[in-house]
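> Quick check, what structure comes out for this input:
(one chain, ligands or ions: 3)
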Amino acid sequence: MILELDCGNSLIKWRVLDSCSGVVAAQGASSCAAGLLGELGSLVHLRILRARLVSVRSDQETTEICTRISDALSVHVQSAAPAKELGGVINGYLEYERLGMDRWLAMVGAFQLKRDAMLVLDLGTAVTADLVDAQGVHLGGFICPGISLLRSQLHAHTQRIRYSMDEAPAASCTLEPGRTTVEAVERGCLSMLDSFVSTQIRQAGDRFGAAFSVYATGGDAGLIKDIGQVQRIPDLVFRGLAIACP
Ligand SMILES: Nc1ncnc2c1ncn2[C@@H]1O[C@H](COP(=O)(O)OP(=O)(O)O)[C@@H](O)[C@H]1O
Ligand SMILES: CC(C)(COP(=O)(O)O)[C@@H](O)C(=O)NCCC(=O)O
Ligand SMILES: [K+]
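Ligands and ions are numbered 1, 2, ... in the order given. Coordinates of the predicted model:
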């Protein structure tokens, strides 16, 4: 068994994979190392022989996570490193080490699905969009706030935007004009996300013509499920991690 970890700024996603069958034996998510170790404590019955990790958290926190996992499970934790090229994808950043590792591995994972021009979206703490041409050349990408950041900044920097998060799901079931504060905010933030994604798809079409794929991953990928052409691949980063750390 192999333990895989994707350490984003909001959540540390993890799963235990049977490396022979590819079956996921266990999976979960925690917001911090302590919570992660608590969840991993229940895995002692699984014979985890190695671990691989990708992180966009600080070097200090990433090292702490690796050390605590290594101590708890007595395994080496392999950490995915930046690269100029991997799996046929050529890193398009001027300084390749600066490209977020989640973005990088999502692209590498996506390119294995179909070696064609593609737009890769990751909707999490931030929302990222990356363009890769049919030859695997990463052209660059875009970063904007995710929906949680959009919402929390409005609550943090205004005096009268106040509502319980329990009200949010019901408020965002349509993009009709909102008639309450929660409807106006939730639909406004969703509309921004929807507009960003639709713009990215249109611009990719202008650049690539009709023949390109659109992949979406991340905890909030479900928010754009109504946009046609988007293929939602929840484990896109893990797919790239398997190529970075075979
Ligand atoms: N327990 C949670 N804590 C934070 N965000 C959560 C949680 N559960 C679901 N979410 C949603 O998932 C998103 C985080 O998605 P994810 O792809 O894991 O982000 P990241 O990779 O940036 O950590 C948040 O924006 C939020 O909407
Ligand atoms: C853009 C990101 C913050 C997204 O991280 P996430 O939302 O998944 O936590 C991450 O890819 C990152 O830290 N990138 C480094 C800067 C860059 O990609 O240019
Ligand atoms: K992420």
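> mind checking how far residue 4 is from ligand 1?
As defined by CB to the nearest ligand atom, to the nearest Å, residue 4 lies at a distance of 14 Å from ligand 1. (C-beta placed from N, C-alpha, C; glycine too.)
> Thought residue 14 was touching that residue, still the case?
Yes - under the contact definition of CB atoms under 8 Å, residue 4 touches residue 14, with a separation of 6.6 Å.
> Show me the longest helix that occurs in the protein.
Looking across the chain with DSSP state H, the single longest helix is helix 181-208.
> Tell me which residue is most central in the chain.
The chain has residue 218 as the residue nearest its centroid, 3.7 Å off, counting by CA atoms, centre = their mean.
> check contacts around that residue.
Going by CB atoms under 8 Å, 6 or more residues apart in numbering, residue 218 touches 121, 122, 123, 124, 127, 146.
> What parts of this protein come near ligand 3?
Counting by CB under 5 Å from the ion, the residues of the chain lying close to ligand 3 are 8, 102, 124.
> May I ask which of these has the most neighbours?
Neighbour count (other CB atoms under 10 Å) singles out residue 102 as the most crowded of the residues of the chain next to ligand 3, with 27 neighbours.
> ok, residues contacting the helix or strand of the chain with the lowest mean pLDDT?
Least confident helix or strand, the chain: helix 33-40 with a mean of 89, by mean pLDDT, DSSP states H and E. Contacting residues not belonging to helix 33-40 are listed as 3, 5, 12, 14, 28, 30, 61, 64-65, 68-69, 72-73 [CB under 8 Å, 6+ apart].
> Residue 237 in helix, strand or coil?
At residue 237 the chain is in helix, as set by DSSP: H, G, I helix; E, B strand; the rest coil.
> Counting neighbours, what do you get for it?
If you count neighbours by other CB under 10 Å, residue 237 ends up with 28.
> which ones are touching it?
Residues near residue 237 by CB under 8 Å, 6+ apart: 6, 13, 54, 102, 105, 106, 109, 122, 217.
> my read: the last one touches residue 128, true?
Read that as residue 217. No - at 9.9 Å, residue 217 does not count as touching residue 128 under the criterion of CB under 8 Å.
> These two: who's more crowded?
Neighbours were counted for residue 217 and for residue 128 using other CB under 10 Å; residue 217 has more, 27 against 23.
> sorry, back to before: what angle do the following helix or strand past the longest helix of the chain and helix 181-208 make?
Per DSSP states H and E, the first helix or strand lying C-terminal to helix 181-208 is strand 213-217. Angular relation of strand 213-217 and helix 181-208 on a 0 to 180 degree scale: 140 degrees, by axes from the mean of the first three to the mean of the last three CA atoms, to 10 degrees.
> Good, we can wrap up now.
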